[in-house]
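> the sequence and its predicted three-dimensional model are supplied below.
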Amino acid sequence: MLVRFIYLFFVVLAVNVYSQASLFILHTNNTNGALENCYCPDHPLGSIEKRSLYIQDFINSNPRTIVLDAGDFFTMSKKLLKDSLVCEAYATIPYDGILLGDQELTRDVKFLNTVLPKLESSIILSNLEAPSLSFVRKYKVIKRGGLSIGVIGILGGNAMKYYPKDIRDSIVLNDPVSTVNEIVKRIRPRTDVIILLSHQGFDQDQVLAKSLKGVNIILGAHSQTVPKEPVIINDILISQAGREGYYVGLIELKLNKYKKIEDHIVSTISMTQDMPDHPRIMELIKYFEDTTGLINRKKLQELDGKNN
């Protein structure tokens, strides 16, 4: 009897210690190969060079944080050197999961096998049938601060529609709805929160949400949207974080002592010019500039000013 009392005491204590805790989710998408931006009027914000230290500092202050990316981190124009350098830059950020978008899957499989391990993160794409990529996971369960967070990832067929037929035919995708619902059924009993990384567009995510069961959040990409206000459909929070690395999306989930979501706060953090640069990423940028001779417009203007 005494043993049972002690056991119950510690169970109650554990629940009370957990209390109303928050889970923070930092999310990015559609970096499009932007190691940095030029800070010109049409590109006024930074990118990965700012993001990396911002995320590291945030995690230091908020350990119960997960970091996710919804794809299209490669360049839009198949600049393979830059694609490889972006993977190295991403490795400076403690991503818990990264989804492959259309810009990644349109690269040669041999190239993907060479550069994607440089990400040093879990790569998730649940509905990919072909090509076969041994390092791609169907889902991941993350343990963080007493919580279990399931992460699933899908690529929508519409994201491939403007590519040549031979590329479209080489990529085979299973139905997103049945894929997600099947995985949710499998992992829901052992997870507190389920997040879907989706690469198909903000409007398509809203349609998809109506057919899903058990998903808490959809973090999207492809349409490069910055929602003006939170969108909730079928009890699923849908968000996205713009393009070119300008922003980091931030979601704070407030959970009760039973680890159920009671409230959320959604915001978008701009990567402003006054934020510090990550030294390793600046090295990668210099290597790219020295190798290709390509320099961003702001730097060119500064060089012209010094030479005049």
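All right, it came through fine. Source: prediction; values computed, not measured.
> identify the residue spatially nearest to residue 39, adjacent ones excluded.
Distances taken as CB to CB, 6 or more residues apart in numbering put residue 298 closest to residue 39, at 5.0 Å, once the chain neighbours are dropped. Any C-beta I mention is one placed from the backbone N, CA and C, and that applies to glycine too.
> pretty sure that neighbour is touching residue 36, no?
No: using CB atoms under 8 Å, residue 298 is not in contact with residue 36; the gap is 9.5 Å.
> and these two? which has more neighbours close in?
residue 36 (24 against 15; other CB atoms under 10 Å).
> helix, strand or coil for that one?
Of the three states, residue 36 takes coil under DSSP: H, G, I helix; E, B strand; the rest coil.
> that one touches residue 47, doesn't it?
Yes: the pair residue 36 / residue 47 is scored as a contact, 5.4 Å apart, by CB under 8 Å.
> poorly predicted segments of the stretch 201-308 of the chain, please.
297, 300-308 (pLDDT under 70).
> now do 80
296-308 (pLDDT under 80).
> elements contacting whatever helix or strand residue 87 lives in?
Residue 87 is located in helix 80-90, with elements delineated by DSSP states H and E. For helix 80-90, the elements it packs on are helix 48-61, helix 109-115, helix 279-292, judged by 3 or more CB pairs under 8 Å, 6 or more residues apart in numbering; DSSP states H and E.
> strand partners (parallel or antiparallel) of the helix or strand just after the second one?
Toward the C-terminus, helix 109-115 is succeeded by strand 123-124 as the next helix or strand (DSSP H and E). Using DSSP bridges, the strands paired with strand 123-124 are strand 97-99 (parallel), strand 136-137 (parallel).
> which residues touch the last one?
In this case it means strand 136-137. 100, 122, 123, 124, 125, 128 (CB atoms under 8 Å, 6 or more residues apart in numbering).
> can you select the buried ones among those for me in PyMOL?
The PyMOL command for the buried members of the contacts of strand 136-137 (criterion: 16 or more other CB atoms under 10 Å) is given here:
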select buried, resi 100+122+123+124+125+128
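> before we move on, the earlier item: pipe the strands paired with strand 123-124 into TSV and attach mean neighbour count, distance to residue 201 and mean pLDDT per row.
Shown next, in TSV, are the strands paired with strand 123-124 (neighbours: other CB atoms under 10 Å; distance: least, CB to CB, whole Å; pLDDT from 0 to 100):
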stretch	mean neighbour count	distance to residue 201	mean pLDDT
strand 97-99	27	14	98
strand 136-137	16	21	97
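> of those strands, which is nearest residue 253?
strand 97-99 (16.3 Å; CB to CB).
> which residue is nearest the middle of the chain?
residue 69 (1.2 Å; CA atoms, centre = their mean).
> that residue pairs with what?
residue 28, residue 98.
> check residue 124 too.
residue 99, residue 137.
> repeat for residue 218
Here residue 218, judged by DSSP bridges, has bridge partners residue 196, residue 238.
> that one touches residue 234, doesn't it?
No: assessed by CB under 8 Å, residue 218 is found out of contact with residue 234, at 10.1 Å.
> need the overlap of contacts for those two.
Counting by CB under 8 Å, 6+ apart, the residues touching both residue 218 and residue 234 are residue 209.
> looking at those two, which one has more neighbours?
Ranked by neighbour count (other CB under 10 Å), residue 218 and residue 234 place residue 218 first, with 27 against 13.
> tell me the contacts of the more buried one?
With CB under 8 Å, 6+ apart, residue 218 has these contacts: 195, 196, 198, 205, 208, 209, 236, 237, 238, 239.
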